[in-house]
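Participant: sequence and predicted structure below; questions after.
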Amino acid sequence: MDPREIEMLVQRLVANPHDQEALAYAHRAGAQDPRSYAMLLERVGTQTLDPAYGAHWLSEAANVWQAAFGDMNNTVRTLMLAVDKDPTHRSAERLAQMFREKGDVMSLIQLYERQAKGLAPAAAKPEVRAQLLKLHEELGRMWSEPQLARPERAVENWRKVAELDPRNVYAIYAAREILKAQQQYAEAIPYFAMEQAIAEDPERKLALYRDEADIRKRAGDMPGATQALRSARAVRPTDVALTQELGVSVLERINAGENVPQPERDEAAAIFVQLAETYDGEYGLSYSLSALGASPGHDRAMQLADHFAALLGRTGDLGPQYAAYLKANPNGFMANVARMKVGNAQPPPPPMPAAQAAPQAAQPVQPVQAAQPAPAAQAPAQAAPVSQPPAAAPAASPSFAPAPDARGP
């Protein structure tokens with residue numbers, strides 16, 4: 001076709017895509033010169049302002065390149081231009097099928113990413129949001145596959161899925177697990193709250209809180225780990241092992257030199273006292289010492305520690321605890337007993353404030369057998385019976401002997 005004819009036809013079809021005279025002329029001329037016809041259609045498509053019409057002309061140009069010349073490079077190129085013009089056009093699926101048949105994974109990914117980028121500004125429309133969700137889900141899956149293994153790209157797409165659909169549990173889970181596997185613990189933490197917001201099963205909520213506590217600990221967020229365990233305990237308040245984990249979490253922070261608020265110290269002391277009232281012998285003493293580690297002036301903790309130490313012939317080991325009790329609570333219920341037994345002992349030195357440490361993996365607590373509850377000055381609140389409650393981490397206490405056989409109360 002003559003260049004002047006091409007220019008005239010381009011201008012007419014851009015101005016009016018329904019110009020039947022121009023369409024018929026261009027089609028007749030294209031039968032004689034398909035290359036010029038394909039180029040004309042491309043120009044009309046790229047210059048047309050309406051996205052749907054522009055994508056249509058570009059798709060027609062791709063048809064000419066493919067049918068008349070078998071030119072797959074120009075076919076793919078013009079179809080990509082059609083997708084850029086209108087990401088919802090059927091050209092996208094046509095291209096995707098071509099790439100699937102060739103096994104061209106990277107080209108398929110590039111197509112999906114270009115399509116998603118083009119759709120993003122209209123994400124508020126329900127039909128567009130649904131298409132975006134499918135694209136980002138597929139991209140998240142593809143970037144996770146071993147042949148590509150680009151976790152950062154996978155996370156980016158799963159995050160977008162979760163933003164588009166906050167109730168998409170799998171997207172939230174996938175993003176969180178990838179970040180955990182990459183040891184990006186701080187980045188993984190927000191995804192726990194996202195799933196908690198939609199989780200209804202108590203067992204699932206409990207598992208999420210425990211996992212969150214572990215990940216926060218690995219990230220160096222010890223107060224956050226404690227709060228996660230506290231939230232877990234609210235789901236299952238009778239879980240003895242979980243209760244003990246909460247107490248240990250507070251005690252670890254104290255022993256690390258953190259300035260733990262007094263209400264949390266009192267909470268931990270109450271937990272360990274309850275456990276000491278439930279398990280006797282070495283374990284009752286261990287729990288009592290843990291309670292004193294959390295709150296050195298706690299009357300009941302000191303009473304229980306004194307009781308168990310006397311039964312075990314270990315009173316001489318409690319000098320530092322007696323001294324710390326007298327310093328914290330000089331007029332307490334056990335003050336006279338402590339003064340008689342303290343000798344020349346001094347309180348344990350306070351933990352040095354710890355420098356910011358690298359994230360650490362949480363260590364499991366070993367279980368111990370249940371034992372006879374210690375006698376109490378007043379009736380204690382008994383913990384729910386369990387077969388194997390975990391042992392408390394003793395605070396500045398001597399090493400203990402193996403657990404005795406379980407006995408009934």
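Facilitator: Right, received. Where do you want to start?

Participant: what residue ranges in this protein score low on pLDDT?
Facilitator: Applying pLDDT under 70 to the chain picks out residues 1, 352-409.

Participant: give me the domain ranges for it.
Facilitator: Under the assignment automatic domain parsing, the domains of the chain span 1-103, 272-353+363-409.

Participant: residues in contact with the nearest residue to Leu318 once chain neighbours are set aside?
Facilitator: In space, and not counting its chain neighbours, Leu318 is closest to Ala309: 5.1 Å by C-beta to C-beta, 6 or more residues apart in numbering. Where you see a C-beta, it was placed from the backbone N, CA and C, and this is true even at glycine. If you count contacts by C-beta atoms under 8 Å, 6 or more residues apart in numbering, Ala309 has them with 285, 315, 317-318.

Participant: could you rerun that using 10 Å?
Facilitator: Contacts for Ala309 (C-beta atoms under 10 Å, 6 or more residues apart in numbering) come out as 284-285, 288-289, 315-318, 321-322, 341, 397.

Participant: still on that earlier bit, so which of the domains of the chain gets nearest Lys125?
Facilitator: If you check each of these against Lys125 by C-beta to C-beta, domain 1-103 wins as the nearest, at 10.0 Å.

Participant: how about stretch 326-334: buried residues?
Facilitator: In terms of neighbour count (16 or more other C-beta atoms under 10 Å), stretch 326-334 has its buried residues at 326, 329, 332, 334.

Participant: now the phi/psi pair for the second one, please.
Facilitator: Right, Asn329. Dihedral angles of Asn329 (phi, psi; degrees, to the nearest 10) stand at phi -150, psi 70.

Participant: out of the domains of the chain, flag the one nearest His136.
Facilitator: That would be domain 1-103 among the domains of the chain, by C-beta to C-beta, at 13.2 Å.

Participant: what about the closest one, distance to the chain center?
Facilitator: Put simply, domain 1-103 sits 47 Å off its chain's centre (C-alpha atoms, centre = their mean, to the nearest Å).

Participant: please apply the same query to stretch 283-293.
Facilitator: Centroid separation for stretch 283-293 versus its chain: 34 Å, with C-alpha atoms, centre = their mean.

Participant: repeat for stretch 298-313
Facilitator: Distance, centroid of stretch 298-313 to centroid of chain: 42 Å (C-alpha atoms, centre = their mean).

Participant: related to what we said a few turns ago, can you show me the CA trace of whichever strand or helix holds the residue nearest to Leu318 as CSV?
Facilitator: Secondary structure assignment for Ala309, by DSSP states H and E: helix 299-312. Written as CSV, here are the backbone C-alpha positions of helix 299-312 (Å, rounded to 0.1, in the frame of the first residue of the first chain):
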residue,chain,number,x,y,z
ASP,A,299,5.5,-14.6,100.6
ARG,A,300,3.9,-17.8,99.3
ALA,A,301,6.9,-18.6,97.0
MET,A,302,9.3,-18.2,99.9
GLN,A,303,7.1,-20.4,102.1
LEU,A,304,7.0,-23.1,99.5
ALA,A,305,10.7,-22.9,98.8
ASP,A,306,11.5,-23.2,102.5
HIS,A,307,9.1,-26.1,102.9
PHE,A,308,10.5,-28.1,99.9
ALA,A,309,14.1,-27.3,100.8
ALA,A,310,13.5,-28.6,104.4
LEU,A,311,12.0,-31.8,103.1
LEU,A,312,14.9,-32.4,100.7
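
Participant: tell me which residues of that helix come out buried.
Facilitator: 299-309, 312.

Participant: which element is the spatially closest residue to Met222 that is not a sequence neighbour on?
Facilitator: Once flanking residues are discounted, Met222 sits nearest to Arg253: 4.9 Å by C-beta to C-beta, 6+ apart. In the assignment (DSSP H and E), Arg253 maps to helix 240-255.

Participant: give me the helices and strands touching that helix, please.
Facilitator: Packing contacts for helix 240-255, counted by 3 or more C-beta pairs under 10 Å, 6 or more residues apart in numbering; DSSP states H and E, involve helix 202-218, helix 222-235, helix 262-276, helix 281-294.

Participant: hang on, the earlier thing: mind putting the buried residues of helix 299-312 into TSV with distance to Gln196?
Facilitator: Below are the buried residues of helix 299-312 laid out as TSV (distance: C-beta to C-beta, whole Å):
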residue	distance to Gln196
Asp299	38
Arg300	35
Ala301	34
Met302	39
Gln303	40
Leu304	36
Ala305	38
Asp306	43
His307	42
Phe308	39
Ala309	43
Leu312	44
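
Participant: which one of the residues you listed is nearest to Leu108?
Facilitator: Nearest member of these to Leu108, counting by C-beta to C-beta, is Ala301, at 64.6 Å.

Participant: OK, contacts around that closest one?
Facilitator: Counting by C-beta under 10 Å, 6+ apart, Ala301 makes contact with 269-270, 272-273, 276, 287-295, 321, 325, 334.

Participant: how close does the nearest residue to it once chain neighbours are set aside sit to Glu7?
Facilitator: Spatial nearest neighbour of Ala301, chain neighbours left out: Ala291 (3.6 Å); criterion: C-beta to C-beta, 6+ apart. Using C-beta to C-beta, to the nearest Å, Ala291 is found at 91 Å from Glu7.

Participant: more crowded one of the two?
Facilitator: Ala291 (30 against 13; other C-beta atoms under 10 Å).

Participant: what about that one, distance to Ile271?
Facilitator: For Ala291, the distance to Ile271 - C-beta to C-beta - is 8 Å.

Participant: what about the residue nearest to Met222, how many residues nearby?
Facilitator: Neighbour tally, Arg253, other C-beta under 10 Å: 22.

Participant: next: Ala124.
Facilitator: Ala124 has 7 nearby residues by other C-beta under 10 Å.

Participant: is it true that Tyr112 touches Arg153?
Facilitator: No - contact criterion C-beta atoms under 10 Å: Tyr112 and Arg153 do not qualify, at 11.4 Å.
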